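Peer 1: kindly generate the corresponding structure for this input.
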Amino acid sequence: MADPLALRAITAEEEQALRELAHSRTAEARLRDRARICWLSHQGQRVAGIKTELRIADGTVRLWITRFNADGLDGLRDRRRGGRPATYTAEQVGELVATSLTAPPGTRGAVRELDPGPAGGVPQRGTGHRHQAQPDRGDPAGRGAALAAAGDVVR
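Peer 2: Sure thing, here's the model as predicted:
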C-alpha cells in the first residue's frame, strides 16, 4: 500500500512563510486557503481530516499538497491559463479608466455621480408609484402645467 499523501519536509523559511500566509487576514483568499491546506498537512493532519475541517473536496486537498511538494509556495499560485489573449494592454485599460474619471471638455468640476432615482430605489410594478404631472409630455386634459405648478401629485 502506498504511503498517504503528506507535505514534504520544508525549510524554516518555507515554514514561516506558509504559517503567515495560512493565517493571513489580508492575503488573497484562494491563496490563503491553499496555504491553510498545506499548513494543516504540515501539522500532521491527513487528507481526510483536512477535507472535513475545511469542507472541501478530497481532490482539492490532494492537488494543493502535490503542487506545494513540487514547486513550494509558488505552486500555490494560479498557473497561466489558455484562451484568447487580452484585447487591450494594462496601460490601455489604465488610460481608459483615467479618461472616464475626468470631466468632459467645457465643463467645470468633477464628473457627478448618477442620480439614484426615487428614494427607496426603483419602483416595483403594481405598487401605485406616483408621478408628478409633466407639462412637456403632453397632458391630454391640459391640466399638467397647472398641476405641476401647484406641486400636486397625479396617480
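
Peer 1: got the residue ranges for the strands in the protein?
Peer 2: Using DSSP state E, the strands of the chain run over 131-132, 153-154.

Peer 1: now do the helices in the chain.
Peer 2: In the chain, the helices defined using DSSP state H lie at 12-22, 29-42, 47-54, 58-71, 90-100, 144-150.

Peer 1: would you mind giving those helices as TSV with mean pLDDT added?
Peer 2: Formatted as TSV, the helices of the chain follow (pLDDT from 0 to 100):
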stretch	mean pLDDT
helix 12-22	96
helix 29-42	96
helix 47-54	96
helix 58-71	96
helix 90-100	90
helix 144-150	53
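
Peer 1: between those, which one is nearest to residue 77?
Peer 2: helix 29-42 (6.8 Å; C-beta to C-beta). Yep, even glycine has a C-beta here, placed from its N, CA and C like the rest.

Peer 1: so who does residue 21 touch?
Peer 2: 27, 31, 32, 35, 73, 76 (C-beta atoms under 8 Å, 6 or more residues apart in numbering).

Peer 1: closest one to residue 4 among the helices of the chain?
Peer 2: Across these, closest to residue 4 is helix 47-54 (C-beta to C-beta), at 6.9 Å.
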